[in-house]
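> What would the 3D arrangement of this be:
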Amino acid sequence: MPQTDNSSIRDPRFPLASIAWTLLILATLYICYFHHLGAIGFLGPDEPRYASIAREMAESSDWITPRLFGKPWLEKPILYYWAAAASFKLFGVNEAAARLPSAVAALLATLGMAWLAWRIYDGETARWLLVLLPTTVGMIGFSHAAATDMPFAALLTIAMVFATRLLGLDPSASFIALTASPPFTSFFFGFFLGLAVLAKGPAAVVLAGGTVVLWAALGGRWHDAFRCLRPIGLAGFSLAALPWYLLCARRNPEFFRVFIIEHNFRRYLTPEFQHIQPFWFYLPIILLAIFPWTLLLIPAAQKFVRQGKERHGERASELFLLSWVAFPLIFFSVSQSKLPGYILPAVPALLLVLTKAVLDGVERAPIRWPGLLLASGLLATALLVRIGAAKLARQFAAEDATRALGHVAVLAAISAAVVALLGLARSHTVALFVTALVLLSLVARTDRALAELDRNFSARSAAEEARKLWPDFRPDRAATWQLKRSLSYQLDFYTHADLPEWVPPEPRPEWLFIGPGKAQDALLGGFICAKSIQLPAVIPCRRQRLSGQP
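Residues are numbered from 1 along each chain as shown. As a prediction, this is how the structure comes out:
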């Protein structure tokens, strides 16, 4: 079958190609990072808790001590709270404003990695990275989370980008004037590493240092590795990280014990925090985080086997990228406390490896696999979406969400067939382009599904329903009863109150948010219940006035 000429798409010198690339990249960055930021209420215990701390910081103007309903909350450093509090002041207190710092952080990390791809490879690799990295599950998910994971990963990523320059892995001779000299490169490496420590803690130093040490050990470049310890780099690190740590420790004597000992050393070394997972936990997590590009690991593996035999000249930079991926996987696999977000710093480097591998495979084109792999990814997307829609229909009877997800699955399946044909025709770049467009359409067509998920997975609807049905609803006269911790934190944020847990036989509250199977007990005991959260874990409970009650 003759090869299709796709030079107009691959070569940005063509005006039409430049316009197409610009529109695709801008659409990708906006849809994947900023679209639907507030479409769903806060989920889990962390989002509402962090947003509550940021709101209290904005209201109190205490920019040193994070507080949750007046009490110091020292589990995490300050950077996310600063960013979210500033966002609240600019855009109001809402979910989109709380998640905006993560979205901006994801954008900065993507731009930083694209710049790195351009410096160590070429413009085409950078362009494709700007499309492939934002469309991964990990980047989309954590850019839409009001949490510390994405700011931490993004700042660490930018620090590692400066590290590649510091280690001599950038083959280009020219650079931005400000950072042309090694002292400025060292300073910004230390400065962004310090900001990463300010975002989540000393794990940033461990991950950056471990990556450099692993790279030096594998490549025998210990002399280059010591450039990361230059005094000006340490000065940049100290300028970014130390002032807040010192001020917070001075105001809160328990800071060192709570943050450093309990939430860093004990979290890593002991299962005290109940995030216990098997050693291999992060292998499926990383595969899911880079979905739908997971299958591109195949050409990447082929490339590195081939490079090992040919002793390719790019070995040093790609060895650094592999170390960047491998060390977080190893480090957190050993940890006694495992959460999916811990592995996020490895995702940008892994996507750069995959992007370069697939483009090299397109150049060689020994077999017709690229289009088939992309089609397989879309089919896998369609299958997962369809399974999710069926599960949603069975458990929640969410017709709108099920119908919307069904349309998404059909679209993905049809697109997979088109991409497969393009791949068979050896128009691999066009296949990549079509795949990216399809993924963007899948992300964009989630309005109804997200609205239904919001009603079933977030406590936002419960607080809104209470105020809507009963204008006299007062949070200071409400309580919770046997709710999950995550739902309690969500209700605390949406009611702007620290709702207490009601423990019988204490005096009854006027409104009670209750857990599953408790509605009948509450009503028989003569208590008034607000309509609660429509979740599998919490049943709807109508407010009723029993006979003889005021």
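
> use CA for all of it now, contacts and neighbours both
Will do.

> Return the distance of residue 120 relative to residue 321.
Residue 120 sits at a distance of 11 Å from residue 321 (criterion: CA to CA, to the nearest Å).

> what about these two, which has more around it?
With other CA atoms under 10 Å as the criterion, residue 120 and residue 321 differ in neighbour count, and residue 321 comes out ahead with 22 against 19.

> Could you find the closest non-adjacent residue to the more buried one?
Leaving aside its chain neighbours, residue 321 sits nearest to residue 349 (5.7 Å; criterion: CA to CA, 6 or more residues apart in numbering).

> Surely that neighbour and residue 324 touch.
Yes. Between residue 349 and residue 324 there is a contact at 6.5 Å, judged by CA atoms under 8 Å.

> What does the pLDDT read for residue 409?
Confidence per residue is given as pLDDT, and for residue 409 that number is 53.

> mind checking which helix or strand residue 134 is in?
Counting by DSSP states H and E, residue 134 is held by no secondary-structure element, helix or strand.

> Quickly find the element holding the closest residue to it other than its chain neighbours.
Among residues not flanking residue 134 along the chain, residue 32 sits closest, at 6.0 Å (CA to CA, 6+ apart). Assigned by DSSP H and E, residue 32 belongs to helix 15-33.

> tell me which residues in that helix are buried?
Judged by neighbour count using 16 or more other CA atoms under 10 Å, the buried positions of helix 15-33 are 17-18, 21, 24-25, 27-29, 31-33.

> Rounded mean pLDDT for that helix, please.
Confidence for helix 15-33, expressed as mean pLDDT, is 83.

> Would you mind writing the CA trace of that helix as CSV?
C-alpha atoms of helix 15-33 as CSV (Å, rounded to 0.1, in the frame of the first residue of the first chain):
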residue,chain,number,x,y,z
PRO,A,15,1.1,27.9,6.9
LEU,A,16,-1.8,25.4,7.1
ALA,A,17,0.3,23.1,9.3
SER,A,18,1.3,26.0,11.6
ILE,A,19,-2.3,27.0,12.1
ALA,A,20,-3.4,23.4,12.7
TRP,A,21,-0.7,22.8,15.2
THR,A,22,-1.4,26.0,17.0
LEU,A,23,-5.1,25.3,17.3
LEU,A,24,-4.5,21.7,18.3
ILE,A,25,-2.0,22.6,21.1
LEU,A,26,-4.1,25.5,22.5
ALA,A,27,-7.3,23.3,22.4
THR,A,28,-5.4,20.5,24.1
LEU,A,29,-4.0,22.6,26.9
TYR,A,30,-7.3,24.4,27.6
ILE,A,31,-9.6,21.3,27.4
CYS,A,32,-7.4,19.0,29.4
TYR,A,33,-6.3,21.4,32.1
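
> Give me the contact list for stretch 106-125.
Stretch 106-125 is touched from outside by 10, 29, 33, 126-127, 129-130, 133-134, 139, 143, 150-151, 153-155, 157-158, 161, 169-172, 317, 348-349, 352, 355-356, 359, with contacts defined as CA atoms under 8 Å, 6 or more residues apart in numbering.

> show me where the stretch 1-150 of the chain has strands.
Taking DSSP state E, counting those that start in this stretch as the criterion, the stretch 1-150 of the chain carries its strands at 67-68, 71-72.

> For these, please prepare JSON lines with the additional fields mean pLDDT.
JSON lines is the format used below for the strands of the stretch 1-150 of the chain (pLDDT from 0 to 100):
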{"stretch": "strand 67-68", "mean pLDDT": "93"}
{"stretch": "strand 71-72", "mean pLDDT": "92"}
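
> could you dump the ones you listed to TSV with mean neighbour count and distance to residue 279?
Listed next are those as TSV, based on neighbours: other CA atoms under 10 Å; distance: least, CA to CA, whole Å:
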stretch	mean neighbour count	distance to residue 279
strand 67-68	20	34
strand 71-72	12	34
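
> could you dump those strands to a markdown table with distance to residue 507?
Conversion of the strands of the stretch 1-150 of the chain to a markdown table gives the following (distance: least, CA to CA, whole Å):
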| stretch | distance to residue 507 |
| --- | --- |
| strand 67-68 | 26 |
| strand 71-72 | 25 |
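
> Can you say which of those is nearest to residue 472?
Of all these, the one in closest proximity to residue 472, counting by CA to CA, is strand 67-68 (25.8 Å).

> circling back to that earlier point, how much space separates the residue nearest to residue 134 from residue 109?
According to CA to CA, residue 32 and residue 109 sit 13 Å apart.

> just residue 503 next, same as before
Between residue 503 and residue 109 the computed distance is 47 Å (CA to CA).

> Then residue 115?
Taken as CA to CA, the spacing of residue 115 relative to residue 109 amounts to 10 Å.

> Comparing those two, which residue is more hemmed in?
Neighbours were tallied for residue 115 and for residue 109 using other CA under 10 Å; the higher tally belongs to residue 109 (27 against 20).

> Tell me how far the more buried one lies from residue 143.
To residue 143, residue 109 is 11 Å away according to CA to CA.

> ok, now residue 56?
Counting by CA to CA, the separation of residue 56 from residue 143 is 23 Å.

> Identify the residue nearest residue 333 in space, chain neighbours excluded?
Counting by CA to CA, 6+ apart, the nearest residue to residue 333 once its immediate chain neighbours are dropped is residue 279, at 5.3 Å.

> what's around that neighbour, how many residues?
Residue crowding around residue 279 was assessed by other CA under 10 Å; the count is 14.

> same deal with the one 3 residues further on?
Other residues within reach of residue 282, judged by other CA under 10 Å, total 22.

> Hmm, residue 337 and it touching each other?
No. Under the contact definition of CA under 8 Å, residue 282 does not touch residue 337, with a separation of 11.8 Å.

> Of the contacts of stretch 106-125, select the buried ones using a ChimeraX command.
When burial is assessed using 16+ other CA under 10 Å, the buried subset of the contacts of stretch 106-125 is captured in ChimeraX by this command:
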select :10,29,33,126,127,129,130,133,134,139,143,150,151,153,154,155,157,158,161,169,170,317,348,349,352,355,356,359
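
> pretty sure residue 340 is touching residue 285, no?
Yes. Under the criterion of CA under 8 Å, residue 340 makes contact with residue 285 at 6.5 Å.

> more crowded one of those two?
The residue with more neighbours, out of residue 340 and residue 285, is residue 285; 17 against 14, by other CA under 10 Å.

> What lies in contact with whichever strand or helix holds that one?
Under the criterion DSSP H and E, the helix or strand holding residue 285 is helix 282-289. The list of residues contacting helix 282-289 from outside it, by CA under 8 Å, 6+ apart, reads 136-139, 294, 329, 333, 340, 343-344, 347.

> Same check on stretch 92-103?
When contacts are defined by CA under 8 Å, 6+ apart, stretch 92-103 is touched by residues 33-34, 36-38, 40-42, 51, 55, 80, 83-85, 87-88, 91, 142-148, 150-151.

> Can you turn the buried part of those residues into a PyMOL selection?
For the buried members of the contacts of stretch 92-103, the matching PyMOL selection, counting by 16+ other CA under 10 Å, is:
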select buried, resi 33+34+36+37+38+40+41+42+51+55+80+83+84+85+87+88+142+143+144+145+146+147+148+150+151
